[in-house]
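A.B. asks: Let me see the structure of the following:
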Amino acid sequence: MTAVWAINGWRQQERSASAITKALAVARERGMQTYNISRIGKRYWLVCSREVTPMYDLAATVRRHYRNVVQGIYLAVWREQFVVVVWTNALLQHCVACTANETGLAHIQLLLERLTGKTRRHSALLLASSVPQHLHDYCLAHLAQWQLHTNQVDIGDLPHDKRTKLRDIALPTTWQQRQRLFIAVLLTLTVAAALGWYLWPEQPVQVNEQVKVQQALPDPKGVVPKVLQELPNLFHGMNHLAGWQWHSAELRGQELHVSLRATYGRPEELPHQLDAAWQVLPQRQQAAAKYAWPTVPFARQKAGFSVTGLDTADWQRRLKRYFPTLEVKQGQALATAQYRQSVFVLKFLQTDFAELARLSQLLNHPHLRIVKMNLQAGPRLRSELEVHLYAPQVISMEGAS
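C.D. replies: This is a model prediction of the structure:
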């Protein structure tokens, strides 16, 4: 389909976006319906039209087509009109169309004489193949100081660059769109920050109690819940192993063990695909990989010290509030010579590693430990955690003198 070109439009050129915005406001007041802004060098070229037919700016299209011509005159015939586009660097001097008759020819000749008399030598005169022979001969005879380039591309064969297409004048400019987008993003972040501050989980209700310990306490079993924050990185890429699939993971002491099945892969290829933090243990058509977490000391004082308690009822309510799909069950309490243990089982039927990392924010009590962890791969990750709340045994002081 032949494009419609904007030639004799209302034009302005400015170096700043704010000046072009003001010019665009003037165009709206004058009843213009469409516009285009092209960035040419350090200038903005604005063209406006009262036509609503889809059009392309001829001046910007020609200038981009001859981007290496510093100073040029493009001459062509289009729809029985002589068309001239004149530029110097990023400055548009003329973009006019006149009827292709004797009057129009005289106008074009006068314009060419005036331009070539002012400009420096060795500028380019670009004649399209549609230019008639008599105008071609005139240029050869009177514009010898210019570099003549004949058989140039016709207007009908110029590319339809979407950057030069005129758009509804009611639409914002590109920098206004960016400004509105920035404001929208800023408002979104502000609202998100306000909601996050309002909804951020409160710190657990803690109670300090004095407990006298006669000897150093051994480290309790399990790992600190903060290790859940490492899972997204540890399992990054685990679902995209070539020739292998992981299907389950479980906590054994301080080590996380992952079981993998081979589909078409070989055991010797697996270490090159896993993160260096994993230790690979190949087993026939299966493989196991393990990752060890360091032991975190609990309390080793031999004299009295403060132990931070936890309001478990309030803690469970907050778990359900912030993680509605989390199943929380309290198990049977345990006791050893050193510790009393409250047992909780936390289960997600559908989750992901990012959600488990967020869960760790509500498991930040200093005496909580994850004793069991079971992860099952699938379309959605399944997880089950057994969390113990440790408290040192109270030493009876009856009969003490």
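A.B. asks: Every contact and neighbour count from this point should use C-alpha atoms.
C.D. replies: Fine.
A.B. asks: For the stretch 251-400 of the chain, which segments are assigned as strands?
C.D. replies: For the stretch 251-400 of the chain, the strands defined by DSSP state E, counting those that start in this stretch cover 255-262, 279-283, 286-292, 305-308, 327-330, 334-335, 339-351, 368-376, 381-392.
A.B. asks: now for these, which one comes closest to residue 93?
C.D. replies: strand 339-351 (64.6 Å; Cα to Cα).
A.B. asks: Work out the sheet partners of that closest one and label each with its direction, please.
C.D. replies: strand 327-330 (antiparallel), strand 334-335 (antiparallel), strand 381-392 (antiparallel) (DSSP bridges).
A.B. asks: Dump those into a markdown table; add mean neighbour count and mean pLDDT as well.
C.D. replies: Shown next, in a markdown table, are these (neighbours: other Cα atoms under 10 Å; pLDDT from 0 to 100):
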| stretch | mean neighbour count | mean pLDDT |
| --- | --- | --- |
| strand 327-330 | 15 | 92 |
| strand 334-335 | 12 | 87 |
| strand 381-392 | 21 | 91 |
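A.B. asks: about what we covered before: can you add distance to residue 192 and give the strands of the stretch 251-400 of the chain back as JSON lines?
C.D. replies: Shown next, in JSON lines, are those (distance: least, Cα to Cα, whole Å):
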{"stretch": "strand 255-262", "distance to residue 192": "35"}
{"stretch": "strand 279-283", "distance to residue 192": "40"}
{"stretch": "strand 286-292", "distance to residue 192": "36"}
{"stretch": "strand 305-308", "distance to residue 192": "33"}
{"stretch": "strand 327-330", "distance to residue 192": "27"}
{"stretch": "strand 334-335", "distance to residue 192": "42"}
{"stretch": "strand 339-351", "distance to residue 192": "23"}
{"stretch": "strand 368-376", "distance to residue 192": "30"}
{"stretch": "strand 381-392", "distance to residue 192": "27"}
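A.B. asks: Can you tell me which of these has the worst average pLDDT?
C.D. replies: Across these, strand 305-308 has the smallest mean pLDDT, namely a mean of 60.
A.B. asks: just to revisit the earlier point, want to throw the strands paired with strand 339-351 into JSON lines with distance to residue 20?
C.D. replies: Below are the strands paired with strand 339-351 laid out as JSON lines (distance: least, Cα to Cα, whole Å):
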{"stretch": "strand 327-330", "distance to residue 20": "61"}
{"stretch": "strand 334-335", "distance to residue 20": "76"}
{"stretch": "strand 381-392", "distance to residue 20": "55"}
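A.B. asks: Out of these, the one nearest residue 175 is which?
C.D. replies: Per Cα to Cα, nearest to residue 175 of the strands paired with strand 339-351: strand 381-392, 43.8 Å.
A.B. asks: End to end on stretch 258-277, go ahead and measure it.
C.D. replies: Chord length of stretch 258-277, first to last residue, is 13 Å (Cα to Cα, to the nearest Å).
A.B. asks: my bad, should have said stretch 61-77
C.D. replies: For stretch 61-77, the first-to-last residue distance is 16 Å (Cα to Cα).
A.B. asks: My reading is that residue 51 lies in a strand. Confirm?
C.D. replies: No: Residue 51 is assigned coil when assessed by DSSP: H, G, I helix; E, B strand; the rest coil, not a strand.
A.B. asks: List the residues that contact residue 340.
C.D. replies: 333-334, 390-393 (Cα atoms under 8 Å, 6 or more residues apart in numbering).
A.B. asks: quick revisit: of the strands of the stretch 251-400 of the chain, which is nearest residue 60?
C.D. replies: strand 339-351 (54.1 Å).
A.B. asks: Next, the angle from the closest one to strand 368-376.
C.D. replies: Angle, strand 339-351 to strand 368-376, by axes from the mean of the first three to the mean of the last three Cα atoms, to 10 degrees: 30 degrees.
A.B. asks: could I get the contacts of residue 340 as a markdown table with distance to residue 349?
C.D. replies: Shown next, in a markdown table, are the contacts of residue 340 (distance: Cα to Cα, whole Å):
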| residue | distance to residue 349 |
| --- | --- |
| 333 | 25 |
| 334 | 26 |
| 390 | 27 |
| 391 | 30 |
| 392 | 33 |
| 393 | 35 |
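A.B. asks: quick one: which of those residues is nearest to residue 84?
C.D. replies: residue 390 (87.5 Å).
A.B. asks: Distance check, the closest residue to the closest one other than its chain neighbours against residue 391.
C.D. replies: Spatial nearest neighbour of residue 390, chain neighbours left out: residue 341 (4.8 Å); criterion: Cα to Cα, 6 or more residues apart in numbering. Distance, residue 341 to residue 391, by Cα to Cα: 6 Å.
A.B. asks: Shouldn't residue 190 be within a helix?
C.D. replies: Yes: counting by three-state DSSP, residue 190 is found in a helix.
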